[in-house]
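Colleague: The following block contains a protein sequence and its predicted model.
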Amino acid sequence: MSPQRRGSLAGKRVLITGAARGIGAALAIRLHARGAKVALAGIEPAQLSTVAGRCDAPWRSCDVRSADQVTSAVGELASELGGLDIVVANAGIAKQLPLVGGDPAVLEQTLRVNVLGSYHTLNAAGPFVAHPGGYVVLVASLAAAVQLPLLGAYSASKAAVEALGNTARIELHATGARVGVAYFAELDTDMTSRGFGTNAATALTGGGSLNTPAPLNVGIDALERGIVARKRRIVAPPWAGAVLPVRGIAQRVIDVATRKKLPAALSLARDEEIAFTTPQPEAES
C-alpha cells in the first residue's frame with residue numbers, strides 16, 4: 001500500500017508519546033501533513049512545543065513512568081481532539097549495560113520508561129481507541145527478537161513491549177480495535193548515534209554499528225503504511241522483516257560474530273560513564 005494514500009488518514013485523531021524528537025516528532029509531522037489531527041506527549045517541553053507548532057497540535061509534558069501523568073495527559077489530549085482513533089506508544093530510552101558488573105539502575109530505569117511507559121499509555125488510551133477503526137502501535141525493536149551484547153536492558157524491555165502488544169491485540173479484538181507492534185533495526189536518529197557512540201560500542205563494532213542505519217524516513221514510511229492498513233506488524237528497513245521468522249538463527253549469528261571483540265567492549269562498558277539516550281527527569285516520589 002502506498003504511503004501516499006493521504007485520504008486514509010485525513011481527520012484521524014492520533015496521540016503520540018515520545019514526540020519531542022526522533023521517530024515520534026517525524027511521525028507527528030508526517031501524519032499532520034496527511035491530514036490527521038495529532039496530539040503530542042513527552043518530557044522535553046521546548047522540543048515538544050516546536051514540533052507541536054509545526055503540527056498545530058495540542059501537547060502535554062508527560063513522564064510515561066507515571067501512571068497518573070499518562071492518564072491525565074491522555075484524557076486531556078483526547079478531549080481536545082474529540083476522541084482518539086490511533087495511539088502510538090513510542091517513548092523509549094536506551095543505555096548500554098554489561099549484565100555482569102554493570103549498574104542495575106540502568107535496567108530498572110529502562111524498564112520503567114520502555115515497559116511501564118508503554119503499558120501506562122495502552123492502559124490510559126485503551127478506552128478511547130476500543131472502537132471499530134481504533135488502532136494502537138507499540139514501538140518495540142528488532143532487539144525484541146535478536147539480542148545484542150551491551151544492550152541487555154534495552155532488548156529485555158523491547159521484548160516485553162512486543163509481549164504487551166501481542167496480548168493487547170487479542171484482548172482488544174472484540175472491540176474492533178487493532179494493535180500493531182513496530183520492529184525497527186537501526187534508524188538514523190540521535191538515539192541511535194548516542195547509543196552506538198560509546199567507547200564500548202566502538203570497540204565492539206569497530207567504530208560503526210553492526211549494520212548501516214537506515215534513513216529515518218524509511219521507518220516513518222513503514223509506520224504510515226502500517227497505521228493506514230492497521231497492520232499487526234510494522235517493520236523497517238524491509239530486511240528486518242526477514243529476520244523475525246528466523247530469530248533463532250539470527251541470534252546464533254550474533255553470538256558468534258561478536259565473541260572476538262566482546263571482552264574488550266565489556267571491560268570498557270563497566271567503567272564508562274554515559275547518559276541515557278534521553279535524559280530522564282527526577283521521578284515523582
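Modeller: Yes, it's here.
Colleague: Isn't Leu216 up against Phe184?
Modeller: No - the pair Leu216 and Phe184 does not pass the contact test of CB atoms under 8 Å, sitting 9.9 Å apart. For the C-beta atoms, the positions are set from N, CA and C on the backbone; glycine is no exception.
Colleague: Now list whatever residues contact both of those two.
Modeller: When contacts are counted by CB atoms under 8 Å, 6 or more residues apart in numbering, Leu216 and Phe184 are jointly contacted by Ile23.
Colleague: buried ones in the longest helix along the chain?
Modeller: Ranked by residue count, the top helix of the chain under DSSP state H comes out as helix 152-172. Of the residues in helix 152-172, those scored as buried under the neighbour-count criterion (16 or more other CB atoms under 10 Å) are 152-162, 164-166, 168-169, 172.
Colleague: That helix - what's its average pLDDT?
Modeller: Averaging pLDDT along helix 152-172 yields 98.
Colleague: Go ahead and name everything in contact with it.
Modeller: Counting by CB under 8 Å, 6+ apart, the neighbours of helix 152-172 from elsewhere in the structure are 89, 92, 94-95, 97, 99, 106-107, 110-111, 113-115, 118-119, 122, 126, 129-130, 134, 136, 138-141, 143-145, 147-148, 178-181, 183, 195, 232.
Colleague: which stretches of the stretch 151-285 of the chain form helices?
Modeller: For the stretch 151-285 of the chain, applying DSSP state H, counting those that start in this stretch gives helices covering 152-172, 190-195, 199-205, 216-229, 239-243, 247-257, 262-271.
Colleague: Of Leu216 and Phe184, which one has the most company?
Modeller: Just comparing Leu216 and Phe184: by other CB atoms under 10 Å the higher neighbour count belongs to Phe184, 26 against 20.
Colleague: which residues sit in contact with that one?
Modeller: Applying CB under 8 Å, 6+ apart as the definition, the contact partners of Phe184 turn out to be Ile23, Val139, Ser141, Leu142, Gly219, Ala222, Val235, Ala236, Ala240.
Colleague: same check, this time on Gln109
Modeller: Applying CB under 8 Å, 6+ apart, the residues contacting Gln109 are Ile93, Lys95, Phe276, Gln280.
Colleague: Kindly recompute the last result at 10 Å.
Modeller: Taking CB atoms under 10 Å, 6 or more residues apart in numbering, we find Gln109 in contact with Arg65, Ile93, Lys95, Asp103, Ala153, Ser157, Phe276, Gln280, Ala283.
Colleague: between the contacts of Phe184, which is nearest Val253?
Modeller: Taking CB to CB as the measure, Val253 lies nearest Leu142 of the contacts of Phe184, at 13.2 Å.
Colleague: And that closest one, its phi and psi?
Modeller: Listed backbone geometry of Leu142 is phi -60, psi -20, with angles given as degrees, to the nearest 10.
Colleague: Show the model's pLDDT score for the residue nearest to it when sequence neighbours are not counted.
Modeller: Across the structure, with CB to CB, 6 or more residues apart in numbering as the measure, the residue nearest Leu142 apart from its sequence neighbours is Ala185 (4.6 Å). You'll see Ala185 listed with a pLDDT of 92.
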